[in-house]
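**Q** Output the structure for:
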Amino acid sequence: MGFFDFFNRDKKQNLDRGLQKTKEGVFSKLKRAFAGRRSIDDDFLDELEEIFITSDVGAETTLKIIDRIQARAARDKYVGMDELNELLCEEISELLAENDTETNSGRFMPPAGKKPYVIMVVGVNGVGKTTTIGKLAYHYKAAGNKVMLGAADTFRAAAVEQLDEWARRADVAIVKQKLGSDAAAVAFDTLQSAVANNVDVVIIDTAGRLHNKKGLMDELSKIKKVMDRVVPGAPHEVLLVLDGSTGQNAFEQARQFSAATQVTHLAITKLDGTARGGVVIGISDQFKIPVKYIGIGEGIEDLQLFNKRAFVESLFGNR
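**A** Okay, here's the model as predicted:
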């Protein structure tokens, strides 16, 4: 089975389009750096290092990539842009594969034996958290699942209204209470309703508190404990949503939230509007938390399950 078996033609085209700004930025810099060269020398590697760091791959991951490229170039004597692109595809894909960051099956289906499958979504305001929930609901329902949303971000009226609109667009059920209600109580009611109605997937929104606020840990812990009483083992997935266009700030939010709660997966959004798509490579490499979803557009279908090889091929390949 090839690595593109997870993607039909439309999805591949959407991925290419969503990463276009990053691809154009990286490619233009690579071409300028490689112009007139017939080999990968130390000067080029210095420029390559700068290209990756300015694309928000991160210093630690960049150094790993440079070491790999240097070793391969010394052994195989690659020359030319086409060969360089293929080398980058192979080495970055292998680097990410070593971290075992891919845990999805290529489909929006919950694991067998977990019903309802409960996803708790966390992240600061403005990263696309509620939008991601709406898109997740759409994709899980399109895959044949019965889906329910829980509006546990009860501190902002706009958050409940926005989630209500996404529930309408995705045509899924939603449980909500009045503004200022206890978030854990909303989560409790949502899971009770999900069990009673034979729901397959439950997605719980949470308050987008600033990631450096101490109250975050206490609130999320309370929500998790309450959900576990209704559905043992819930939440099965704690999804942290990060804005890819914020670059290194996304790294910092990942550190802070993973320290505050047991984050199991990441969703990186807004990649279509930035040339900083390299942040996905860096976060995939540096954190033990797998990137599961990427957002590549504003449409309801513009959320994809993250496939490392397809992502790297879209950036550096010659398709």
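
**Q** If you drop the residues flanking it in sequence, what lies closest to Ala184?
**A** Using CB to CB, 6 or more residues apart in numbering and skipping the chain neighbours, the partner closest in space to Ala184 is Val226 (4.4 Å). Quick note: C-beta positions are derived from backbone N, CA and C, even for glycine.

**Q** Name the nearest residue to the residue nearest the centre of the chain, ignoring sequence neighbours.
**A** Closest to where the C-alpha atoms of the chain average out (CA atoms, centre = their mean) is Ala267, at 2.3 Å. In space, Ala267 comes closest to Tyr293 once its chain neighbours are excluded; the distance is 4.0 Å by CB to CB, 6+ apart.

**Q** first vs last residue of stretch 257-277, how far apart are they?
**A** Distance across stretch 257-277, first residue to last, is 21 Å (CA to CA, to the nearest Å).

**Q** shift numbering so it begins at 24
**A** I'll keep to 24 as the first residue from here, and by that count the last item is stretch 280-300.

**Q** quick one, helices of the stretch 74-223 of the chain?
**A** When secondary structure is read from DSSP state H, counting those that start in this stretch, the stretch 74-223 of the chain shows helices at 82-99, 104-121, 152-165, 180-193, 206-219.

**Q** just the CA coordinates of the first one, formatted as CSV?
**A** To tie it back to what came earlier, the one meant is helix 82-99. Below are the C-alpha coordinates for helix 82-99, written out as CSV (Å, rounded to 0.1, in the frame of the first residue of the first chain):
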residue,chain,number,x,y,z
ALA,A,82,16.4,24.9,15.7
GLU,A,83,16.5,21.4,17.2
THR,A,84,14.7,19.7,14.3
THR,A,85,16.6,21.8,11.7
LEU,A,86,19.9,20.5,13.0
LYS,A,87,18.7,16.9,12.8
ILE,A,88,17.7,17.5,9.2
ILE,A,89,21.0,19.2,8.3
ASP,A,90,23.0,16.3,9.8
ARG,A,91,20.9,13.8,7.7
ILE,A,92,21.3,15.8,4.5
GLN,A,93,25.0,16.2,5.0
ALA,A,94,25.5,12.4,5.6
ARG,A,95,23.4,11.5,2.5
ALA,A,96,25.1,14.1,0.3
ALA,A,97,28.6,12.8,1.3
ARG,A,98,27.5,9.2,0.5
ASP,A,99,25.4,9.6,-2.6
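
**Q** mind listing what's buried in it?
**A** Of the residues in helix 82-99, those scored as buried under the neighbour-count criterion (16 or more other CB atoms under 10 Å) are Thr84, Thr85, Lys87, Ile88, Ile89, Arg91, Ile92, Arg95, Ala96.

**Q** Just give me the closest of those residues to Asp325.
**A** Closest approach between those and Asp325, by CB to CB: Thr84, at 25.7 Å.

**Q** per-residue pLDDT, the closest one?
**A** Listed pLDDT for Thr84 reads 92.

**Q** close enough to count as contact, it and Val302?
**A** No - in this structure, Thr84 is not within contact of Val302 by CB atoms under 8 Å, at 10.0 Å.

**Q** mind showing which ranges of the protein have poor pLDDT?
**A** Screening the chain residue by residue with the criterion pLDDT under 70, one finds the ranges 24-33, 101-102, 122-129, 232-237, 340-342.

**Q** Spell out which residues make up each domain of it.
**A** Using automatic domain parsing, the domain parsing of the chain gives 31-121, 140-330.

**Q** most packed of the ones you listed?
**A** Among the domains of the chain, judged by mean count of other CB atoms under 10 Å, the one packed with the most neighbours on average is domain 140-330 (a mean of 20).

**Q** Now find how far off-centre it is within its chain.
**A** Taking CA atoms, centre = their mean, to the nearest Å, one finds the center of domain 140-330 at 11 Å from the center of the full chain.

**Q** Strands of the protein, residue ranges please.
**A** For the chain, the strands defined by DSSP state E occupy 140-145, 170-174, 196-198, 224-228, 260-266, 288-292, 314-318, 326-328.

**Q** Note down every partner strand of the longest one and its orientation.
**A** Strand 260-266 has the following sheet partners, assigned by DSSP bridges: strand 140-145 (parallel), strand 288-292 (parallel).

**Q** Need the residues that contact the first one.
**A** Here strand 140-145 makes contact (CB atoms under 8 Å, 6 or more residues apart in numbering) with 133-134, 152, 155-156, 159, 210, 214, 217, 223-229, 243, 246-247, 250, 254, 257-264, 280, 284, 286.

**Q** Fine by me, thanks again.
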